[in-house]
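1. Here is a sequence together with a model predicted from it:
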Amino acid sequence: MEELLQRLEKRIKELVNQHDQLRDSNLQLHQGRSLLAREKDALLAKQQKAISQIETLVSRLKAIEKKS
């Protein structure tokens, strides 16, 4: 009986450790996902700014071309 209780205790400790590791891993994944989402938003904003600047330059070039 004592051996059975020791095996159960060992198994429970292993499961608790595994739970803790999975919880930590899950937290890291969520933090990584949040970071990637923020980086994506920043890149999209930069892209939109670049598109706007290019459109402005194209408009200026067309205006200069019409004057020539």
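-> Great, that's in hand.
2. how far is the helix or strand hosting Ala50 from where the chain is centred?
-> With elements delineated by DSSP states H and E, Ala50 resides in helix 2-67, which encompasses its position. Centre-to-centre, helix 2-67 and its host chain are 0 Å apart (Cα atoms, centre = their mean, to the nearest Å).
3. State the mean pLDDT of it.
-> Across helix 2-67, pLDDT averages out at 97.
4. Would you quantify the distance from Ser34 to Asp41?
-> With distances defined as Cβ to Cβ, to the nearest Å, the gap from Ser34 to Asp41 amounts to 11 Å. Where you see a C-beta, it was placed from the backbone N, CA and C, and this is true even at glycine.
5. Could you do Glu14 as well?
-> Computed as Cβ to Cβ, the Glu14 to Asp41 distance reads 41 Å.
6. next one: Gln31
-> Counting by Cβ to Cβ, the gap from Gln31 to Asp41 is 16 Å.
7. do the same with Thr56
-> According to Cβ to Cβ, Thr56 and Asp41 sit 23 Å apart.
8. What is the helix holding Ala50 packed up against?
-> The criterion is 3 or more Cβ pairs under 8 Å, 6 or more residues apart in numbering; DSSP states H and E, and there are no helices or strands that helix 2-67 contacts.
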